[in-house]
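Novice: The sequence and its predicted three-dimensional model are supplied below.
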Amino acid sequence: MNYIALCSLGLEKVLSNELKKLNYSITNANEGMVEFSGSDYDYYDLNLRLRTAERVYIKIAEFYSETFDELFDGINNIELSYYLPKNGKIIIEKVRTVKSALYNQSVIQSIVKKAMIEKLKKEYKINTYNEEKGIYKFRVYIKRNKVTIVLDTTGEGLHKRGYRKLVSEAPLRETIAAAMILMAGWKRKHVLIDPFCGSGTIPIEAALYGLNMAPGLKRNFIFETWHNFNSEKFESYKKKAFSEIKYSELKIYGFDKDFKMIEIANKNAGNLEKYIHFEKSNMESINLDYEEGYIITNPPYGDRLGDKKHAEKLYEQMRYLKRKYTKFNYSVVTSHEKFEDFFGYKADKKKKIINGKQTLYIYEYK
């Protein structure tokens with residue numbers, strides 16, 4: 001079975017490395033997509049374990065099409081009964097076209113769904129197709145007339161782990177927080193400090209990683225509604241993931257000057273609270289006695305002029321951390337292109353991330 005894992009643009013390499021550690025061979029990785037092949041039910045495990053992916057798709061077809069007739073015929077060549085029952089609810093969730101003869105998204109959606117239903121009627125030898133059981137969401141990508149049709153196994157994006165009940169004003173996506181931790185190279189033996197922890201996303205993702213806890217264990221997935229859902233097999237994947245958790249002491253600290261944020265972070269941490277020390281404190285009052293470690297953080301930033309000036313002042317004040325913790329590794333995410341100018345240090349690495357309409361930069365100091 002061919003799979004595509006979706007991620008924020010710029011995180012393809014991080015996600016590829018995750019998949020390689022799970023013993024998958026990557027066939028292609030660009031434009032926010034990582035392609036690889038696996039077994040039929042691997043998507044159970046992939047949805048549970050992947051930290052930086054947004055969704056896991058099954059690639060069900062790839063063909064060229066320049067006309068609507070060719071599009072219809074291409075779908076007619078897919079063995080759809082392998083994926084869908086004779087009464088599944090079909091949703092063509094999204095269509096994206098680039099440099100292709102076919103570009104009208106609503107018409108493409110309509111034709112793809114009609115073709116799928118006609119093919120399923122033919123395969124199941126039925127006269128009427130009733131959408132009754134299970135939800136099957138598809139996306140259609142057409143680039144330079146090459147049509148790729150994928151089936152979403154995830155449902156709500158994988159950044160929704162299930163632990164974050166309350167959020168700060170501008171929360172960082174869990175998948176991006178996890179990517180920062182993986183890119184920085186943090187390991188459980190090292191201290192990790194987030195001086196602007198907000199609702200606790202970075203420290204919580206660090207705790208999940210440090211304990212080797214699969215991030216998807218506390219949520220549901222769309223594949224659980226499918227006709228071929230095997231609950232025993234899914235439970236076996238869950239049990240294996242639980243058995244691999246390594247409970248051990250972690251040195252993870254989250255600070256925020258707003259006491260309300262610390263309360264929220266503790267609530268979001270839930271059972272992980274014992275592995276993270278959250279404390280109300282401004283940056284200048286942090287006084288931990290560690291020679292080496294990691295500072296991984298998402299300092300407040302704003303796009304409005306007033307907020308931007310405030311953020312720039314804060315970046316200047318962050319020099320205090322660099323002077324106090326000279327031997328630490330730093331990883332800072334912000335939407336500000338010129339963070340280095342205000343922080344006063346040139347980053348060893350600068351990574352651009354595009355997440356929907358938001359552009360972020362991860363600055364790494366080794």
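Specialist: All right, it came through fine.
Novice: Next, count neighbours for Lys187.
Specialist: Lys187 has 11 neighbours, counted by other C-beta atoms under 10 Å. C-beta: built from backbone N, CA, C; applies to glycine.
Novice: To which secondary structure element type does it belong?
Specialist: coil (DSSP: H, G, I helix; E, B strand; the rest coil).
Novice: Thr225 contacts Glu132, correct?
Specialist: No: using C-beta atoms under 8 Å, Thr225 is not in contact with Glu132, being 11.5 Å away.
Novice: More neighbours: which of the two?
Specialist: A count of neighbours by other C-beta under 10 Å puts Thr225 above the other of Thr225 and Glu132, at 15 against 10.
Novice: How about the contacts made by the more buried one?
Specialist: By C-beta atoms under 8 Å, 6 or more residues apart in numbering, Thr225 lies in contact with Lys133, Gly134, Ile135.
Novice: now with 6 Å?
Specialist: By C-beta atoms under 6 Å, 6 or more residues apart in numbering, the contact set of Thr225 is Gly134, Ile135.
Novice: immediately after the lowest-mean-pLDDT helix or strand in the chain, which helix or strand?
Specialist: Ranked by mean pLDDT, DSSP states H and E, the helix or strand of the chain with the weakest confidence is helix 305-317, at a mean of 86. Going down the chain from helix 305-317, the next helix or strand is helix 319-324, by DSSP states H and E.
Novice: What lies in contact with that next one?
Specialist: Contacts to helix 319-324, defined as C-beta under 6 Å, 6+ apart, come from residues Glu284, Gly344.
Novice: which parts of that helix are buried?
Specialist: Across helix 319-324, burial judged by 16 or more other C-beta atoms under 10 Å covers Leu321.
Novice: go on, stretch 254-262?
Specialist: Here stretch 254-262 shows Gly254, Phe255, Asp256, Met261, Ile262 as buried, counting by 16+ other C-beta under 10 Å.
Novice: In strands only, show me the residues you listed.
Specialist: Among the buried residues of stretch 254-262, the ones falling in strands (DSSP state E) are Gly254, Phe255, Asp256.
Novice: Stretch 71-81: end-to-end distance?
Specialist: 19 Å (C-alpha to C-alpha, to the nearest Å).
Novice: Give me the contact list for that stretch.
Specialist: Residues beyond stretch 71-81 that count as contacts (C-beta under 6 Å, 6+ apart) turn out to be Ala61, Phe63, Ser65, Ile111, Ala115, Met116, Lys119, Leu120, Glu123.
Novice: so the fourth one sits in a strand?
Specialist: In this case it means Ile111. No: the assignment for Ile111 (three-state DSSP) gives helix, which keeps it out of a strand.
Novice: Quick check, it in contact with Thr67.
Specialist: No: counting by C-beta atoms under 6 Å, Ile111 stays clear of Thr67, with 10.4 Å between them.
Novice: So these two - more neighbours on which side?
Specialist: Neighbours around Ile111 and Thr67, counted as other C-beta under 10 Å, are more numerous at Ile111. The numbers are 19 against 11.
Novice: Report the contact partners of the more buried one.
Specialist: Contact analysis of Ile111 by C-beta under 6 Å, 6+ apart lists Phe68, Leu71, Phe72.
Novice: Take the contacts of stretch 71-81 and keep only those in helices.
Specialist: Among those, the members falling in helices (DSSP state H) are Ile111, Ala115, Met116, Lys119, Leu120, Glu123.
Novice: Serialize the residues you listed to CSV and add fields for pLDDT and distance to Phe343.
Specialist: Output for the ones in helices among the contacts of stretch 71-81, formatted as CSV (pLDDT from 0 to 100; distance: C-beta to C-beta, whole Å):
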residue, pLDDT, distance to Phe343
Ile111, 97, 52
Ala115, 98, 54
Met116, 98, 52
Lys119, 98, 57
Leu120, 97, 57
Glu123, 97, 60
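Novice: Please produce a markdown table containing those, extended by distance to Ile4.
Specialist: Below are these laid out as a markdown table (distance: C-beta to C-beta, whole Å):
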| residue | distance to Ile4 |
| --- | --- |
| Ile111 | 22 |
| Ala115 | 21 |
| Met116 | 19 |
| Lys119 | 22 |
| Leu120 | 23 |
| Glu123 | 24 |
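Novice: Just give me the closest of those residues to Pro171.
Specialist: Nearest to Pro171, judged by C-beta to C-beta, of the ones in helices among the contacts of stretch 71-81 is Met116 at 36.6 Å.
Novice: List the contacts of the closest one.
Specialist: For Met116, counting by C-beta under 6 Å, 6+ apart, the contacting residues are Ile75, Ile90.
Novice: can you map out the helices along the stretch 101-250 of the chain?
Specialist: Taking DSSP state H, counting those that start in this stretch as the criterion, the stretch 101-250 of the chain carries its helices at 105-124, 174-184, 201-210, 231-243.
Novice: Could I get the average pLDDT for the last one?
Specialist: What it means is helix 231-243. In this model, helix 231-243 has a mean pLDDT of 98.
Novice: Which elements pack onto that helix?
Specialist: Counting contacts by 3 or more C-beta pairs under 6 Å, 6 or more residues apart in numbering; DSSP states H and E, helix 231-243 is packed against helix 42-49.
Novice: Next, the angle from the helix it packs on to helix 231-243.
Specialist: Helix 42-49 and helix 231-243 are oriented at 40 degrees to each other (axes from the mean of the first three to the mean of the last three C-alpha atoms, to 10 degrees).
Novice: how about low-confidence regions in the stretch 251-366 of the chain?
Specialist: 302-306 (pLDDT under 70).
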